[in-house]
Every structure is written in C-alpha cells, then in structure tokens.
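Enquirer: Structure here, sequence nowhere to be found:
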C-alpha cells in the first residue's frame with residue numbers, strides 16, 4: 001500500500017482545479033440532470049447548455065419574472081439615458097467543474113454602471129437566489145467583440161466545432177430600441193465590414209455596435225459577481241464619469257446619424 005510520501009505529486013492543472021473547487025459549493029442535487037453539451041470556458045469558468053430541471057425553471061418561470069423586474073425598474077437602472085443600452089441574457093450551468101456548477105444567469109451590458117444597477121435590482125429581489133440560480137455580469141455586449149470572442153474560443157476548443165461556436169450568437173436574448181423591446185438573435189452577418197444582428201422579424205446594427213473609439217479585441221472578458229454589484233460606487237446617486245463619457249459619445253453618434261438622415265431626405 002503506497003504511503004503519502006510515495007504518491008505522485010499533483011500536476012499544475014490539477015492543483016489549479018483543486019484550488020478553484022475549494023471555494024465553490026457542490027452542485028445542487030436538483031440540477032444534476034441539467035447538463036447538456038459543454039461549451040468553451042468563460043473567464044476560467046466551465047459552461048454547459050441548460051437542460052432538464054434548470055432549463056424548465058429558467059424558460060417557464062424565471063426568464064419572464066426577470067424581464068418584468070428589469071422593465072419595472074428601467075428608470076432606476078438607466079437614470080435618464082435618452083437611448084436604451086442593449087442587453088444580452090444567457091443562462092448556463094457554470095462552475096469550476098461539473099461537480100461544482102450551478103445554473104447561472106450572465107448579463108452582457110457594455111456600460112458598467114448600468115450593468116451594476118441591473119444586477120443589483122435582481123440581487124435585491126432575490127428571485128434567482130431563492131431558486132438556486134447564480135448571477136454574473138460582463139461589461140461587453142457589441143456584436144463584433146462578441147463574435148471575436150467566439151472565434152478566439154473556437155481556435156482553442158477545436159472539438160466544439162461540431163457543437164457550434166462556444167459563445168454562439170444564436171438564441172441570445174437582446175433588448176433593443178426605444179421603447180425597449182426584447183428580441184431573440186438568430187445569427188449574424190457581415191456586410192461591407194459591418195456586423196448585423198438578425199432576428200426572425202427584422203435586422204439591426206446601430207444599437208448593438210460598440211462606439212468606434214472603443215477597441216475590444218485585445219481586452220480580456222471580465223465576469224463580475226454579486227459582491228461587485230452590491231458595492232457602493234460613484235453611480236449610486238447619478239451617472240458616473242465613465243458612463244457619462246460613454247453616453248455622451250453615443251448620443252453624439254446618434255445626433256450625427258440623425259443629421260445625415262435629414263440631409264439625405
């Protein structure tokens with residue numbers, strides 16, 4: 001029988017996995033039937049498409065309740081924005097390993113202050129936590145960076161080519177327009193170097209593209225958790241500096257487009 005001293009040492013990957021698992025709760029037995037195809041990692045978190053119990057709870061109950069909650073708090077979340085900020089929702093089984101994964105809603109909103117307020121509204125309500133769901137946020141939402149992230153992940157996860165891109169645009173839920181309406185993204189195309197998102201009923205580009213001054217390709221994706229969302233910051237009682245700059249530039253682009261349209265008419 002081998003002694004402790006004779007056992008082989010754990011490799012770096014196993015040590016890293018053991019360290020990540022040590023701070024995570026085991027998978028809830030209710031959701032052990034909720035793992036479908038595995039996708040590419042997102043910020044060192046493993047992801048699986050939902051099925052089973054978690055999928056039923058999300059699709060038949062929580063998705064609608066979350067949408068109503070966010071819509072009912074638009075004034076608090078956007079705080080006077082004259083244009084709506086696109087929001088993408090996903091729900092996956094997520095965690096460091098399959099034994100320590102949980103159904104998790106991930107919100108993609110490019111303006112951090114609005115992302116924080118949206119997460120805070122959902123956390124204070126407790127609708128996700130009470131049902132065993134987690135919540136994370138990512139301050140990145142334009143189609144171009146979203147697609148680039150997919151392409152980068154495909155290169156490192158060749159086996160997933162048969163399953164589709166790890167961060168597939170298809171099925172993403174996005175809120176666009178003013179007034180805001182929810183649509184399901186069916187895919188994307190590139191025309192003359194511009195990314196276009198396609199839904200069942202219509203196409204759109206402007207509301208989901210990042211401002212031209214922002215360069216995303218070399219910036220790693222970041223996932224924020226509930227602790228970040230609940231921490232007080234400059235955006236508590238108004239628009240913070242970063243958000244104000246982003247909004248002013250987006251509004252300037254909007255006004256320029258309006259002027260161009262008037263001239264063309």
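Expert: Arrived safely, thanks for sending. Predicted, not measured: the structure shown is a model, and the values here were computed from it.

Enquirer: Mind telling me what element residue 37 is part of?
Expert: Assessed by DSSP states H and E, residue 37 sits inside strand 35-42.

Enquirer: Which stretches in the stretch 1-150 of the chain count as strands?
Expert: Secondary structure of the stretch 1-150 of the chain (DSSP state E, counting those that start in this stretch): strands located at 35-42, 45-50, 87-95, 102-108, 134-138.

Enquirer: which sections of the chain are below the confidence cut-off?
Expert: Low-confidence segments of the chain, defined by pLDDT under 70: 1-23, 80-84, 141-182, 191-196, 200-220, 233-265.

Enquirer: contacting residues for residue 91?
Expert: 50, 54, 58, 63, 103, 104, 105, 106, 133 (CB atoms under 8 Å, 6 or more residues apart in numbering). For every residue, glycine as well, the C-beta is placed using N, CA and C.

Enquirer: Kindly recompute the last result at 10 Å.
Expert: 49-50, 54-55, 57-59, 62-63, 66, 103-106, 128, 133-135, 173 (CB atoms under 10 Å, 6 or more residues apart in numbering).

Enquirer: so what's it bridging to?
Expert: In this entry, residue 91 is beta-bridged to residue 105, by DSSP bridges.

Enquirer: again with residue 47
Expert: Under the criterion used here (DSSP bridges), residue 47 is bridged to residue 39, residue 94.

Enquirer: so how far is residue 35 from it?
Expert: Distance, residue 47 to residue 35, by CB to CB, to the nearest Å: 10 Å.

Enquirer: more crowded one of those two?
Expert: More neighbours surround residue 47 than the other of residue 47 and residue 35, with 22 against 18 (other CB atoms under 10 Å).

Enquirer: got the angle for the strand holding residue 37 vs strand 102-108?
Expert: Interaxial angle of strand 35-42 relative to strand 102-108 (axes from the mean of the first three to the mean of the last three CA atoms, to 10 degrees): 50 degrees.

Enquirer: picking that back up, could the strands of the stretch 1-150 of the chain be laid out in CSV, adding distance to residue 184?
Expert: Converted to CSV, the strands of the stretch 1-150 of the chain look like this (distance: least, CB to CB, whole Å):
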stretch, distance to residue 184
strand 35-42, 18
strand 45-50, 15
strand 87-95, 10
strand 102-108, 15
strand 134-138, 19
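
Enquirer: about what we covered before: in the strand holding residue 37, what counts as buried?
Expert: Residues of strand 35-42 classed as buried by neighbour count (16 or more other CB atoms under 10 Å): 35, 38, 39, 40, 42.

Enquirer: Repeat that for stretch 132-141.
Expert: Buried-residue list, stretch 132-141, by 16+ other CB under 10 Å: 133, 134, 135, 136, 137, 138, 139, 140, 141.

Enquirer: can you check stretch 26-33 too?
Expert: In stretch 26-33, counting by 16+ other CB under 10 Å, buried: 27, 31.

Enquirer: correct me, but residue 34 touches residue 95?
Expert: No. Counting by CB atoms under 10 Å, residue 34 does not reach residue 95; the two are 11.7 Å apart.

Enquirer: list the residues that contact both of these two?
Expert: The contact sets of residue 34 and residue 95 overlap at 27, 48, 101, 102, 103 (CB under 10 Å, 6+ apart).

Enquirer: Contacts only, for the nearest residue to residue 41 once chain neighbours are set aside.
Expert: Nearest residue to residue 41 in three dimensions, chain neighbours excluded: residue 47, at 6.9 Å (CB to CB, 6 or more residues apart in numbering). Residue 47 is in contact with 37-41, 90, 92-95, 101, 104, 106, 166-167, counting by CB under 10 Å, 6+ apart.

Enquirer: Can you identify each of the helices in the protein by residue range?
Expert: 12-22, 52-57, 63-72, 74-78, 112-125, 143-156, 226-230, 241-264 (DSSP state H).
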